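Q: What shape does this take:
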Amino acid sequence: MLLIGAVFLVLLILGAPVAFAIGLSGFVFFMTSDVMPMSIGVQKVASVSQSFPLLAVPFFVFAGHLMNESGITDRLFKFANITVSWMAGGLAQVSIILSTLMGGVSGSAVADAAMEARILGPQMIGNGYSKGYSAAVIALSSLITATIPPSIGLILYGYVGQVSIGKLFLAGIVPGLLMMLFLMVTAWLVARRRNYVAADAQKPSVSAVGYAAWDAKWALAFPVLLIVSIRGGLFTPSEVGAFAVVYAFIVGFFAHRELTLAKAMHAIENSVADIGMIMLIILMSGMIGFATIFLQVPQTIAGALLSGITQPQAIVAVILAMLFVAGLFVESTVLVLLLTPIFVPVIKSVGFDPVHFGILMMTLVTLGSMTPPVGVAMYTVCSLLDCKIEDYVRESLPFVGAIILLVMVLLFFPGVVLFLPHLAFG
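A: Residues are numbered from 1 along each chain as shown. Below is the predicted model:
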C-alpha cells in the first residue's frame, strides 16, 4: 500500500490529472501482485460504473446547472440581500446566507465559491471590504454546501461506505445551519471591529422579507421536497436526483420562464464536463478501493489506533486530524473515495456512528479546498478577485478557527448531528 501511495503522490507532484494518478497507482498494485492478474483491475474499473446509487451524482450535477440557468440563483441572492445586508458586514452575511441556500441547489463548494466571487466579490470590495476578507468569507462560506443536502460528497461517502444517503442528507441539515451561524458571528465580529457597516443600513420590513421569500419559493421549497420525498419512501436518493432535473426544467420553463433552449444546452455542456471529471475519478478509484480491502488496510490501521487509545471520540479525533492534513494536499472527492473504505470499518469497530462520522469527514476534507497549499476554491476566489494568497490566508484564520470549533462541538455532542436521522428513521 505504501508503494501505491508513493506512486500516487509522485504523479500528482509531476502534474498528472488526478484521475490518471489514481488509475496508474492502482495498476501498480496489480502489476506487482503475485496473486492478482491485471484483468481483475480492469474488471474493478468497469464494476464501479454498474452502480444504481451513483446515478445520483450526474443527476444532481445536471440539476444544479439547470437551476443556475433558470433564475433560481438570482432570486436566492435577492432574498439573502434583503434579510441580512443591514447587519455589520452585511454583504459578508449575504454570502454566508446565499451559500446555505445554494447548498440545496448546487451541491458543490467550488461552484458556489466561483458563483459568489463573481456576484458578490466586486460589490464587497467596492463597499470598502478588504480583498482578503471578501475572498475569505466567500471561500469559507462555500463549505456549507458540503453538508447541506444534496451534497455530492455525502452521496459518494454513502455509496463507498455503504451508509444510508437519506440519513446522511438529514444529518447534514443541523450542522449546515450551525456552520452558517458560526460563520455569521465570526464575520460580524470582524466587520464590527473594522466598521464594515453600510451608512444607509436599515432593517427590512416584514413585507419586504415576505415578498423576497415568495419570489424565491421554488428554490426554497426544493431542499424540503428532497428530504420529504426520501423520508416518505417516494424516491431513493438516485431517483430524487432525476426528480431534481425534472423540477429544474419545470421551474425554469414554466414558473420563472427564464430557462431557454440555449441556456439548457449551456447547462448540459457544463454538466458533461463536471460529470466526466467526477466519474472518471470514481471509476479509477475502484482499483485502489479493491487493493485497500485486499491488503486489509482498515484492519491494520484499526489495530494501530486501538492499541494506544480506548475512547471512541479520541480515536475519531485522531482520524479527523489525519483527514484535515490530507485535505490540505488532496482534493476532497479523491479523499472520500480513497479513505472512506479505510476509516469507516475502523470507526464502526469502536462503536462510532458512520452517519455522524460522514458529516465530520466531509466538513474537514472539503475545508482543504479553502486552505493552502492546493485549495481549489481558494485559488478560484483569489484569482477572480485579484487577491494575494497571503492576504487571504491571514483573513481566513478566524473563519477556519470557527469551523474547527464547530467540528469539535459536533464530535462530542453527537445528538446535534443524529437528532434528525433518529427522528425520521428511528
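
Q: by contact count, what packs against the longest helix seen in the chain?
A: The helix that spans the most residues within the chain, counting by DSSP state H, is helix 261-294. The helices and strands touching helix 261-294, judged by 3 or more CB pairs under 8 Å, 6 or more residues apart in numbering; DSSP states H and E, are helix 18-32, helix 38-49, helix 56-69, helix 152-161, helix 332-349. C-beta here means a position set from N, CA and C on the backbone, and glycine is covered the same way.

Q: These into JSON lines, with extra columns for distance to residue 379 and mean pLDDT?
A: Output for those, formatted as JSON lines (distance: least, CB to CB, whole Å; pLDDT from 0 to 100):
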{"stretch": "helix 18-32", "distance to residue 379": "15", "mean pLDDT": "77"}
{"stretch": "helix 38-49", "distance to residue 379": "29", "mean pLDDT": "75"}
{"stretch": "helix 56-69", "distance to residue 379": "21", "mean pLDDT": "79"}
{"stretch": "helix 152-161", "distance to residue 379": "19", "mean pLDDT": "86"}
{"stretch": "helix 332-349", "distance to residue 379": "14", "mean pLDDT": "84"}
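
Q: quick revisit: what residues sit buried inside the longest helix of the chain?
A: 263-264, 267, 270-271, 274-275, 278-292 (16 or more other CB atoms under 10 Å).

Q: roughly how far out does that helix sit from the chain middle?
A: Put simply, helix 261-294 sits 15 Å off its chain's centre (CA atoms, centre = their mean, to the nearest Å).

Q: can you state the direction angle for that helix and helix 18-32?
A: Put simply, helix 261-294 runs at 30 degrees to helix 18-32, going by axes from the mean of the first three to the mean of the last three CA atoms, to 10 degrees.

Q: For the stretch 1-150 of the chain, give me the ranges with low pLDDT.
A: Within the stretch 1-150 of the chain, the ranges that satisfy pLDDT under 70 run 1-5, 8-9, 11-13, 18, 51-53, 103-108.

Q: hmm, who's touching stretch 226-246?
A: 52-60, 62-63, 66, 104, 149-150, 155, 158, 165-166, 169-170, 173, 222, 424-425 (CB atoms under 8 Å, 6 or more residues apart in numbering).

Q: and the most centrally placed residue in the chain, how far is that from residue 209?
A: The centre of the chain sits closest to residue 146, judged by CA atoms, centre = their mean, with a distance of 2.5 Å. Distance of residue 146 to residue 209, given as CB to CB, to the nearest Å: 27 Å.

Q: Please convert the buried members of the contacts of stretch 226-246 into PyMOL selection syntax.
A: PyMOL command restricting the contacts of stretch 226-246 to the buried ones, with burial defined by 16+ other CB under 10 Å:
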select buried, resi 53+54+55+56+57+58+59+60+62+63+66+104+149+150+155+158+165+166+169+170+173+222+424
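
Q: May I have the phi/psi pair for residue 216?
A: The phi and psi values for residue 216, taken as degrees, to the nearest 10, are phi -100, psi 20.

Q: nearest residue to it other than its sequence neighbours?
A: Nearest non-adjacent residue to residue 216, counting by CB to CB, 6 or more residues apart in numbering: residue 75, 4.0 Å away.

Q: Show me how far the host helix or strand of that neighbour is from its chain's centre.
A: According to DSSP states H and E, residue 75 maps onto helix 72-84. Offset of helix 72-84 from its chain centre (CA atoms, centre = their mean): 21 Å.

Q: Just give me the neighbour total for the closest residue to residue 93 other than its chain neighbours.
A: In space, residue 93 comes closest to residue 84 once its chain neighbours are excluded; the distance is 4.0 Å by CB to CB, 6+ apart. Residue 84 is flanked by 21 other residues according to other CB atoms under 10 Å.

Q: hang on, residue 84 packs against residue 95?
A: No - with contact defined as CB atoms under 8 Å, residue 84 does not count as touching residue 95 (9.6 Å).

Q: list the residues that contact both of those two?
A: Joint contacts of residue 84 and residue 95 (CB under 8 Å, 6+ apart) do not exist.

Q: and residue 245, how far is that from residue 330?
A: Residue 245 is 30 Å from residue 330, by CB to CB.

Q: Can you tell me how far the residue nearest to residue 216 is from residue 38?
A: 53 Å.

Q: Please identify which of the two sits among more neighbours.
A: Taking other CB under 10 Å, residue 75 and residue 38 do not tie; residue 75 has more neighbours (22 against 11).

Q: Can you give me the separation between that one and residue 119?
A: 13 Å.

Q: Repeat that for residue 314.
A: Distance, residue 314 to residue 119, by CB to CB: 43 Å.

Q: And residue 20, by the same measure?
A: Computed as CB to CB, the residue 20 to residue 119 distance reads 34 Å.

Q: Between these two, which has more neighbouring residues?
A: residue 119 (16 against 13).

Q: That one and residue 76 touch, don't they?
A: No - assessed by CB under 8 Å, residue 119 is found out of contact with residue 76, at 10.4 Å.

Q: Contacts only, for residue 285.
A: Taking CB under 8 Å, 6+ apart as the criterion, residue 285 is in contact with 22, 26, 48, 334, 337, 338.
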